[in-house]
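Enquirer: Coordinates for the following, if possible.
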Amino acid sequence: MHKILCFIGISVLISALQLYPARASNYKLLALKGEAQWECSSLSRIFDNGNQDSFFFSGLSKLQKAYQAAVTDKIAEQDRDHFSWILKNHDYGVSIDFILGGAFVRVRKSIEEDLPRRDATTQSIEDWRILRRLAAQEEYEKRNCDLLKPN
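Expert: Numbers count the residues shown, from 1 in each chain. The predicted structure follows:
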């Protein structure tokens, strides 16, 4: 009986150790989903489809969990490179919320840079806005943002 219980205990321990890296690496996936939702939020803002806030807050929640896991050393070793800039900034005393603010600005700027720029010599502001909205909508569809919509 004792051998059976010992075997079961060892089996449970081995299973737990095998699951830990998979569970820990989910923080990287969570962070990637959060950033993707912020990208969709930025695109939604430009072509005004009404999803900006839901994407933003869902992405924020995911990134808060992932970044908090990173600074409390709950991430898998293989994911440390992905979170290295967060860990470095946090080591300097920068709060998670401040880091998230910077990350959102970076994501939003990246989206803005991918959209058409206005040529003031040939385009009216209204023509440029229309072109930009269409490009944002096309990018929204290309990135499959509807699949990332929070429930």
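
Enquirer: burial measure for the nearest residue to Ser54 once chain neighbours are set aside, as a count.
Expert: Take Ser54 and drop its neighbours on the chain: the residue closest to it by CB to CB, 6 or more residues apart in numbering is Pro150, 5.1 Å away. Heads up, the C-betas are built off the backbone N, CA and C, glycines and all. Per other CB atoms under 10 Å, the neighbour tally for Pro150 reads 14.

Enquirer: do Glu35 as well
Expert: Taking other CB under 10 Å as the criterion, the count of residues near Glu35 is 19.

Enquirer: go on, His82?
Expert: Number of residues near His82 (other CB under 10 Å) recorded here: 17.

Enquirer: again with the one 4 residues further on
Expert: Counted with other CB under 10 Å, residues neighbouring Ile86 total 23.

Enquirer: Kindly report the same for the one 5 residues further on.
Expert: Using other CB under 10 Å, Asp91 has 9 neighbouring residues.

Enquirer: cool, and Asp119?
Expert: Counted with other CB under 10 Å, the neighbours of Asp119 add up to 9.
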